[in-house]
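In: The sequence and its predicted three-dimensional model are supplied below.
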Amino acid sequence: MKHLLLNLTLLTSFFASAQIVNIPDPNFKNALLNHNPVIDTNGDGEIQVSEALITYEIDVTAKSIDNIIGIEAFLNLQTLVCYFNRIEEVDLSYNTMLQNLDLTSNRISSIDFSNNLQLIDLSVTDNQLTVLDISALSQLDHIECAYNEITELDVTNNTALSSIQCYQNNITELDISNQPALRQLDIYNNLFTTIDLSQSPGLLWFNCSDNSIQNLDFSSNPVLFDIKCSNNLLTSLDVSNNPNLGYLTCKENSISSLDVSNNPLIRYLICDDNLLTSLDVSQNVNMELFYFTNNQISQIDVTHNVKLSQFSGSNNPISSVDFTYNPDLETVRCDNMNLGSLDISQNPLIYYLILNNNNLNELDVTNNPLIDQLYIRNNQISSIDLSQNTVLRILGANNNPLTSLDVTENPNLQGIDFSNTNLYAVDLSNNPSLCAVEGNDIDWLHYVNIKNGNNIELTNANCYNGDLIDSGLNLSNNPNLEFVCVDDVNFAISNFTNVSPTATFIEDCFLAVSNFEPIKVNFYPNPSNSVLNIQSEEPISSIEIMNVLGQTLLTSKGNSNKEQVDISGFSAGNYFVKVSVGNKGSKVLRVIKE
């Protein structure tokens, strides 16, 4: 102590004679000179010793500081925040009045707190610490030392601690028996195999996820509000003595049974990836979020959970779910189940709906106008009415026996997948925001209209296209695809390369639309280099030949079932032959001129 007093005396004498504090790091000095509240009170561009002595708070967050030499002059400093800098070494031995210290996100490998006996709040998260000695800090209330390489943490002498956050380290054990005031304990992602909570009756928040813990005893923690114990080795979990529990996350364990009947205040229940075969949530009337994916549950009843807004039960053998009594439901994920039907007519707030890999024959979404993303992949749906879903952005409808798909009332659509369906034609001309289109592997597909005035968006590399929808225009492996109507043929040829080679890009969509008339017309030979023979079941009234831009190059009248046109004078390439048959309509055929 005499040695420390002598140093302080000499240091004070030195500062008094020198007047100006030496601050070699220009970024640190600049941050102090521009600090709020003002430190350089006389505005001379320097920090005097007298100014340092009346400074009680310094915040130099994210100022690219390499060192804080000069901090020793701030003898009365109580709060120091140096978050997100490049500091490697810190000497705080003269800052004995410090109460609050934040050195988060720096490069510190060691630090001495033996003289900082007044510290109450300490954060050294995201540094390079392997050892942390806080044994002298008897008044410490909160310690956060996450994202380091610490292997041991001794808090025996820190009896005032109410919060310990030491997640993301290499700690194997922690004795918290001397912390009767402990309210928060976060040991997430360490090397724990056990943790004793029996001496922490006031514990409110506990997180031990991503460890190797086999057993947890919460019987001495009656006020626990939030439990996170995911990704451990738990086979059972008893929360019957925790009536105040509001949040329970226990996913990625091997839990085979879970009783939450004594937890009426639960708002969030997340128990994905376990071995549950049943789960009764009838007493959890306040539950808002319920995730139980990847279990073995065959029945689930949420009719008592009237506040439920988020539901995820994917990968369970459930054949039906009743959402009639969940008017606040916003997100539903029920993929890979056995659903044969689903009624969501009473859930007008749903905006996210995933029903992939079920046995649905139909789905009514006309009462769900807020749906933003809809996935119905791998079902048995032949048609769906999307006329009321005007804000729909993402649609995954592939692998269904769809024979029609009308998205003209969905102008905000950005991504769509209608692959492996029974669609003959798809009209996307009213969807100018499209940046991701998948329509692959469709034997029936003959025509796609993507002329929406904004085809350039289909080359947007930053396209957000939802779940498993490839960006760009993808129309491959469609053996009967004849026409793709686009904004600009040359642009399409250069940019839309993942399209079946049988297809021709056109700008005049009428060339393709007229092709849907039930008129039987044949022509030969094709390719041809001279005379083209055209034959119809009824008399041909006129013939018109156009280029790929829809420009008319030749017209001819007809009055028989068989007509001929001479194309020998045309340049080699693709052309369209429009054949009109009385009042039956017309048919457009593609011919190749050699």
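Out: Arrived safely.
In: Would you map the helices across the stretch 301-450 of the chain?
Out: In the stretch 301-450 of the chain, no helices are found when defined by DSSP state H, counting those that start in this stretch.
In: what about the strands in it?
Out: With strands called from DSSP state E, counting those that start in this stretch, the stretch 301-450 of the chain shows them at 310-312, 331-333, 352-354, 373-375, 394-396, 415-417, 425-427, 436-438, 447-449.
In: so who does residue 99 touch?
Out: Going by Cβ atoms under 8 Å, 6 or more residues apart in numbering, residue 99 touches 78, 79, 118, 119, 120, 121. C-beta coordinates here come from the backbone N, C-alpha and C atoms, glycine included.
In: And for the closest residue to residue 456 other than its chain neighbours, the neighbour number?
Out: The shortest distance from residue 456 to any non-neighbouring residue, by Cβ to Cβ, 6 or more residues apart in numbering, is to residue 491 (7.6 Å). For residue 491, the count of nearby residues is 15 (other Cβ atoms under 10 Å).
In: Among the contacts of residue 99, which ones are in strands?
Out: 79, 121 (DSSP state E).
In: ok, of the contacts of residue 99, which come out buried?
Out: Those of the contacts of residue 99 that meet the buried threshold are 78, 79, 118, 119, 121, by 16 or more other Cβ atoms under 10 Å.
In: ok so, going back, mind giving me JSON lines with the strands of the stretch 301-450 of the chain and columns for mean pLDDT?
Out: Shown next, in JSON lines, are the strands of the stretch 301-450 of the chain (pLDDT from 0 to 100):
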{"stretch": "strand 310-312", "mean pLDDT": "98"}
{"stretch": "strand 331-333", "mean pLDDT": "98"}
{"stretch": "strand 352-354", "mean pLDDT": "97"}
{"stretch": "strand 373-375", "mean pLDDT": "97"}
{"stretch": "strand 394-396", "mean pLDDT": "96"}
{"stretch": "strand 415-417", "mean pLDDT": "95"}
{"stretch": "strand 425-427", "mean pLDDT": "92"}
{"stretch": "strand 436-438", "mean pLDDT": "95"}
{"stretch": "strand 447-449", "mean pLDDT": "94"}
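In: Tabulate those (CSV), appending distance to residue 462 and mean neighbour count.
Out: Listed next are those as CSV, based on distance: least, Cβ to Cβ, whole Å; neighbours: other Cβ atoms under 10 Å:
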stretch, distance to residue 462, mean neighbour count
strand 310-312, 28, 20
strand 331-333, 25, 20
strand 352-354, 21, 20
strand 373-375, 18, 22
strand 394-396, 15, 25
strand 415-417, 13, 26
strand 425-427, 25, 20
strand 436-438, 11, 25
strand 447-449, 24, 23
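In: would you turn these into TSV with distance to residue 585?
Out: Listed next are the strands of the stretch 301-450 of the chain as TSV, based on distance: least, Cβ to Cβ, whole Å:
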stretch	distance to residue 585
strand 310-312	50
strand 331-333	45
strand 352-354	40
strand 373-375	35
strand 394-396	32
strand 415-417	29
strand 425-427	16
strand 436-438	29
strand 447-449	16
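In: shaky segments in the stretch 401-550 of the chain?
Out: Within the stretch 401-550 of the chain, the stretches with pLDDT under 70 are 464-467, 511-519, 548-550.
In: immediately after the worst-scoring helix or strand of the chain on mean pLDDT, which helix or strand?
Out: None of the helices or strands of the chain scores lower by mean pLDDT, DSSP states H and E than helix 2-18, at a mean of 43. As assigned by DSSP states H and E, the chain's next helix or strand after helix 2-18 is helix 26-33.
In: Going by neighbour count, list what's buried in that next one.
Out: 27, 28, 29, 30, 31, 32, 33.
In: Sort out which residues of the helix or strand following it are buried, please.
Out: Toward the C-terminus, helix 26-33 is succeeded by helix 49-53 as the next helix or strand (DSSP H and E). Buried residues in helix 49-53, counted by 16+ other Cβ under 10 Å: 49, 51, 52.
In: For the residues you listed, please prepare a markdown table with the additional fields pLDDT and distance to residue 594.
Out: Putting those into a markdown table (pLDDT from 0 to 100; distance: Cβ to Cβ, whole Å) gives the following:
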| residue | pLDDT | distance to residue 594 |
| --- | --- | --- |
| 49 | 97 | 95 |
| 51 | 97 | 91 |
| 52 | 97 | 90 |
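In: of the residues you listed, closest to residue 86?
Out: residue 52 (22.8 Å; Cβ to Cβ).
In: Identify the residues contacting the closest residue in space to residue 192 that isn't next to it in sequence.
Out: Spatial nearest neighbour of residue 192, excluding adjacent residues (Cβ to Cβ, 6+ apart): residue 211 at 4.2 Å. By Cβ under 8 Å, 6+ apart, the residues touching residue 211 are 187, 188, 189, 190, 191, 192, 193, 231, 232.
In: No further queries at this time; thank you.
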